[in-house]
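>>> Structure for this input, please:
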Amino acid sequence: ARKAEGPRGASQRGREVKALPLELQEDGGDSRKHMRQSTTEHTRQTFLRLQERQVQSKRKKGGTSHERPLTQEELLEEAKITEEINLRSLENYERLEADKKKQVQKKRKIVGPVIRYWSLTMPLLPEPGRDDPV
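Numbers count the residues shown, from 1 in each chain. Got it, this is the predicted structure:
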């Protein structure tokens, strides 16, 4: 029965040793009793900048002018203009592709006699003057 109590008692003593003395322990209620003046100033400026950005974003969102929806006729006119632009772009693209295709190097055909090397292994043949193989 004493052995079971031994380790439990030792762990309780260990916790007591690890605890801070009363004069070094903080109150626990307010962990930030004192802050550097530069830190408080920087925090305040950051907060003001954040508020300013929020106000500006609200202005941008609220300041949009409402345009009337386009009529069917206006939409068709816009579609014609877009179609012309797209056709010009397509023609330009096709012309560039054709130029690129012409510039691709073709295989050169060799004119005249050609020496071609074949690399392969051959069995060793005994020399006529020797009797013992190598």
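
>>> Determine the three-state secondary structure at His34.
Secondary structure, DSSP: H, G, I helix; E, B strand; the rest coil: His34 is coil.

>>> Distance check, it against Ile85.
From His34 over to Ile85 the distance is 67 Å, taken as C-beta to C-beta, to the nearest Å. Quick note: C-beta positions are derived from backbone N, CA and C, even for glycine.

>>> quick one: which of the two has more around it?
Neighbours were counted for His34 and for Ile85 using other C-beta atoms under 10 Å; Ile85 has more, 10 against 5.

>>> and the gap between that one and Asn92?
Ile85 is 11 Å from Asn92, by C-beta to C-beta.

>>> so where's this protein shaky on pLDDT?
For the chain, applying pLDDT under 70 flags the ranges 1-33, 62-65, 130-134.

>>> pull the longest helix from it.
helix 72-103 (DSSP state H).

>>> buried ones in that helix?
Within helix 72-103, no residue is scored as buried using 16 or more other C-beta atoms under 10 Å.

>>> i'd like the first residue to be 584 from this point on
Sure, I'll start counting at 584 from here, so that last one is helix 655-686.

>>> Using the three-state scheme, assign Glu710.
coil.
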